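Peer 1: Below are the sequence and a predicted model; questions follow.
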Amino acid sequence: MAIFDDITEQEIKQNKAIRGYIVRALAKGTQNSLLVRQITNALLADNLITVPDISKHLSYLKDGGYIEFTDRRANSYNAYRRDAVIKLTKAGVDLVEGTREDPGVDV
């Protein structure tokens, strides 16, 4: 196992917490979906992020198969600009319900 300095370790914990927040928020949304702006605004209000860029977190969750974009033109990097809707997949629901584990998402 790699040894990280304190700053890196704190950043890792924060990234896991943000991903978990996104997944939990989606689970509470109508039909397990929300606008990216709704999630970003909630993260900003709770002081988990300081800028509205959650693209790397969305990319991680999409690559893990936990979320999908309802608009085919949307992706992790233009979702905020396009005011895209993201939705939990079956794997994402399993993650929230605890039947699946991912060490990179703190649910």
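Peer 2: That came through fine. Residues are numbered from 1 along each chain as shown.
Peer 1: where does this structure have its least confident helix or strand?
Peer 2: helix 79-82 (a mean of 90; mean pLDDT, DSSP states H and E).
Peer 1: which outside residues touch that one?
Peer 2: 36-37, 40, 52-55, 58, 69, 71, 73-74, 86 (CB atoms under 8 Å, 6 or more residues apart in numbering). No exception for glycine: its C-beta is placed from N, CA and C like everyone else's.
Peer 1: looking at the residues you listed, which has the most residues close by?
Peer 2: Ranked by neighbour count (other CB atoms under 10 Å), the contacts of helix 79-82 have I86 at the top, with 29 neighbours.
Peer 1: so what's it up against?
Peer 2: L26, S33, L34, V36, I39, L58, I67, E68, F69, T70, A79.
Peer 1: can you tell me which of the residues you listed are in strands?
Peer 2: Within these, residues falling in strands by DSSP state E are S33, L34, I67, E68, F69.
Peer 1: what about the last one, distance to G98?
Peer 2: This points to F69. 25 Å (CB to CB, to the nearest Å).
Peer 1: thinking again about what came up before, what subset of the ones in strands among the contacts of I86 is buried?
Peer 2: Neighbour counting with 16 or more other CB atoms under 10 Å marks S33, L34, I67, E68, F69 as buried within the ones in strands among the contacts of I86.
Peer 1: If we only consider the residues you listed, which is nearest to P103?
Peer 2: I67 (17.6 Å; CB to CB).
Peer 1: Confirm for me that the closest one is in contact with G29.
Peer 2: No: applying CB atoms under 8 Å as the test, I67 and G29 come out as separate, 11.3 Å apart.
Peer 1: Just flag the most distant two among the ones in strands among the contacts of I86.
Peer 2: Maximum distance among the ones in strands among the contacts of I86 (CB to CB): 12.7 Å, for L34 and E68.
Peer 1: If you count contacts, what does the lengthiest helix in the chain end up packed against?
Peer 2: Assignment by DSSP state H gives helix 6-28 as the longest helix of the chain. Under the contact criterion of 3 or more CB pairs under 8 Å, 6 or more residues apart in numbering; DSSP states H and E, helix 6-28 touches strand 33-35, helix 36-45, helix 55-63, strand 67-69, strand 85-88, helix 90-97.
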